[in-house]
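Peer 1: just a sequence and a predicted model for now, questions to come.
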Amino acid sequence: MLKGKHIILGISGGIAAFKSVYLLRLLVKAGAEVQVVITPNGKEFITPVTLSSLSGRPVISEFFTANTGEWHSHVDLGLWADAMIVAPATASTIAKMANGVADNMLITTYLSAKEQVFVAPAMDLDMYRHQSTVRNLNTLHADGVEIIEATSGELASHLIGKGRMAEPEEIVRRMEAWFENEACKPLKGERILITAGPTYENIDPVRFIGNYSSGKMGFALAEEAARRGAEVELVCGPVNLTTTATNIHRTDVRSAAEMLSACEKCWNDCTAAIFCAAVSDYTPETCADTKIKREKLGEMTLKLVKNPDIAATISKNKKDRLCVGFALETDNGMENATDKIIRKNLDWIVLNSLQDKEAGFAKDTNKVTLISKDGRHIPFPAKSKKDVAADILDTVFNKDGRCSQTQ
Ligand code: C5P
């Protein structure tokens, strides 16, 4: 996983710096290109000559090379790197990273790093458990830095406790695992709007027009897209479902009008949309302020007006973005679905039929056919909604799926 990867190895001034030599060797052996950035204190523990010999690159420590005045660009380094590992990370370096105290080359490089950063702390046990260190490590974790925890054992002070830098093999294993996990994130960089669930259209304060949609298909899509690294804007009607992924940004709405307005708010920043919600086609022309009493009203006629078509409205401003709709049909499925692709300016439509016993509202399974605007029909067997979500994302986000779209 590390072959060809550009890694910045940041070394700060702790006795564990001797282990960084082994770490550097392991990284190079694994095929990574390694640029060492060392703090002035780090050089007290390990010589740049050792590090540059092993990495095959001059070691960077100062902002300028003293004799030539050449400036070392931390910005370029940050762009070059696929990952940065700070090992050992002393209490002081951790504190500076957590607070942006950019007084040495290692910290400026950290602040310029665009990709994943790892830290392997190393210090005495009292320093490691001090609330200030704990607080700073929590801050780094919240900032997205992966902390490779120190282990317990005999420390430089001869005290026994937690504070030993993780072994180089363990650090490499954690970095490899991270890259392996990243490779499973083909939707990184996408921001996908997903509508899900029913809408409720109020008749009076206690009654509404709704439908049987559970939201399960839309939520399965949101979870799967998030697992693949996308940021998801999930706009959902009233459902009984929860989401766990931190990259799902959820907006709960009730009516079609609210759903449209929530979609319009985030659509500008999105790269794709999947309209999975079962939006009510009609809404009462007026909503009574107080409960309608049958004793007073006797017979009742409800006047309904058309709701906005969210998919059609959003995809008007589609540009080159991917738009996918759903069609739940009882009859003439193919014909109706194909017609919807054109009317709603979609790239794909996911057709499911209420005639299939595995498809439909509140079920945990679905059976779909994907239809593209360029005339492809791809039928899938009945599967769990999670697996259907995977099939849909595999199909519409693969190269051919995206190639088929036009303005
Ligand atoms: O026209 P029909 O309701 O069958 O179209 C279904 C597709 O259109 C689904 O993708 C659904 O989410 C979307 N839709 C919508 N707004 C509506 C009606 C349907 O976004 N008012």
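Peer 2: Arrived safely, thanks for sending.
Peer 1: so which bits of the stretch 301-407 of the chain are right by the ligand?
Peer 2: The stretch 301-407 of the chain comes close to the ligand at residues 307, 309, 310, 311, 325, 326, 327, 340, 344, as judged by CB under 6 Å from any ligand atom. C-beta coordinates here come from the backbone N, C-alpha and C atoms, glycine included.
Peer 1: likewise the stretch 51-200 of the chain?
Peer 2: Counting by CB under 6 Å from any ligand atom, the stretch 51-200 of the chain sits next to the ligand at residue 195.
Peer 1: so where's the stretch 51-200 of the chain uncertain?
Peer 2: Applying pLDDT under 70 to the stretch 51-200 of the chain flags the ranges 66.
Peer 1: who's in contact with residue 5?
Peer 2: Contact analysis of residue 5 by CB atoms under 8 Å, 6 or more residues apart in numbering lists 31, 32, 33, 82, 83, 179.
Peer 1: next, count neighbours for the residue lying closest to residue 304 once chain neighbours are set aside.
Peer 2: Closest residue in space to residue 304, ignoring its immediate chain neighbours: residue 282 at 3.8 Å, by CB to CB, 6 or more residues apart in numbering. Residue 282 has 14 neighbours, counted by other CB atoms under 10 Å.
Peer 1: ok, now which ones touch residue 121?
Peer 2: 88-91, 94, 128, 133, 137, 147-150, 163, 165.
Peer 1: in CSV, list those along with neighbour count and secondary structure.
Peer 2: CSV is the format used below for the contacts of residue 121 (neighbours: other CB atoms under 10 Å; DSSP: H, G, I helix; E, B strand; the rest coil):
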residue, neighbour count, secondary structure
88, 28, strand
89, 32, strand
90, 24, coil
91, 21, helix
94, 26, helix
128, 22, helix
133, 21, helix
137, 23, helix
147, 17, strand
148, 21, coil
149, 14, coil
150, 23, coil
163, 27, strand
165, 26, coil
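Peer 1: which of those residues lies closest to the ligand?
Peer 2: residue 147 (41.8 Å; CB to the nearest ligand atom).
Peer 1: quick one: that closest one and residue 136 touch, right?
Peer 2: No - between residue 147 and residue 136 there is no contact under CB atoms under 8 Å: 10.4 Å.
Peer 1: quickly list what the residue nearest to residue 304 is bridged to.
Peer 2: Taking DSSP bridges as the rule, residue 282 bridges to residue 306.
Peer 1: cool, residue 209 as well?
Peer 2: Counting by DSSP bridges, residue 209 forms beta bridges with residue 201.
Peer 1: hang on, the earlier thing: can you redo the contacts of residue 5 as JSON lines with distance to residue 257, neighbour count and secondary structure?
Peer 2: As requested, the contacts of residue 5 are exported to JSON lines (distance: CB to CB, whole Å; neighbours: other CB atoms under 10 Å; DSSP: H, G, I helix; E, B strand; the rest coil):
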{"residue": "31", "distance to residue 257": "56", "neighbour count": "11", "secondary structure": "coil"}
{"residue": "32", "distance to residue 257": "53", "neighbour count": "23", "secondary structure": "coil"}
{"residue": "33", "distance to residue 257": "55", "neighbour count": "18", "secondary structure": "strand"}
{"residue": "82", "distance to residue 257": "46", "neighbour count": "19", "secondary structure": "coil"}
{"residue": "83", "distance to residue 257": "46", "neighbour count": "22", "secondary structure": "strand"}
{"residue": "179", "distance to residue 257": "45", "neighbour count": "16", "secondary structure": "helix"}
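Peer 1: which one of those is nearest to residue 296?
Peer 2: Nearest to residue 296 out of the contacts of residue 5 is residue 179 (CB to CB; 69.1 Å).
Peer 1: that older thread, which one of the contacts of residue 5 is nearest the ligand?
Peer 2: Lowest distance from the ligand to these (CB to the nearest ligand atom) belongs to residue 179, with 36.4 Å.
Peer 1: residue contacts, the closest one?
Peer 2: By CB under 8 Å, 6+ apart, the neighbours of residue 179 are 1, 2, 5, 82, 83.
Peer 1: so how far is the ligand from the closest residue to residue 25 other than its chain neighbours?
Peer 2: Nearest residue to residue 25 in three dimensions, chain neighbours excluded: residue 54, at 5.9 Å (CB to CB, 6+ apart). Counting by CB to the nearest ligand atom, to the nearest Å, the gap from residue 54 to the ligand is 57 Å.
Peer 1: so who does residue 54 touch?
Peer 2: If you count contacts by CB under 8 Å, 6+ apart, residue 54 has them with 21, 24, 25, 28.
Peer 1: as CSV, the contacts of residue 121 with distance to residue 171 would be great.
Peer 2: What follows is the contacts of residue 121, written out as CSV (distance: CB to CB, whole Å):
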residue, distance to residue 171
88, 10
89, 11
90, 16
91, 19
94, 16
128, 17
133, 19
137, 16
147, 11
148, 6
149, 11
150, 11
163, 16
165, 8
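Peer 1: out of those, the closest to residue 239 would be?
Peer 2: Checking the contacts of residue 121 against residue 239 by CB to CB gives residue 147 as the nearest, at 35.4 Å.
Peer 1: what about residue 392, helix or strand, and which?
Peer 2: Here residue 392, judged by DSSP states H and E, is contained in helix 385-396.
Peer 1: now the strands for the stretch 201-350 of the chain?
Peer 2: Ranges of strands in the stretch 201-350 of the chain, per DSSP state E, counting those that start in this stretch, are 201-204, 207-209, 231-236, 248-252, 272-275, 282-284, 304-306, 322-329, 348-353.
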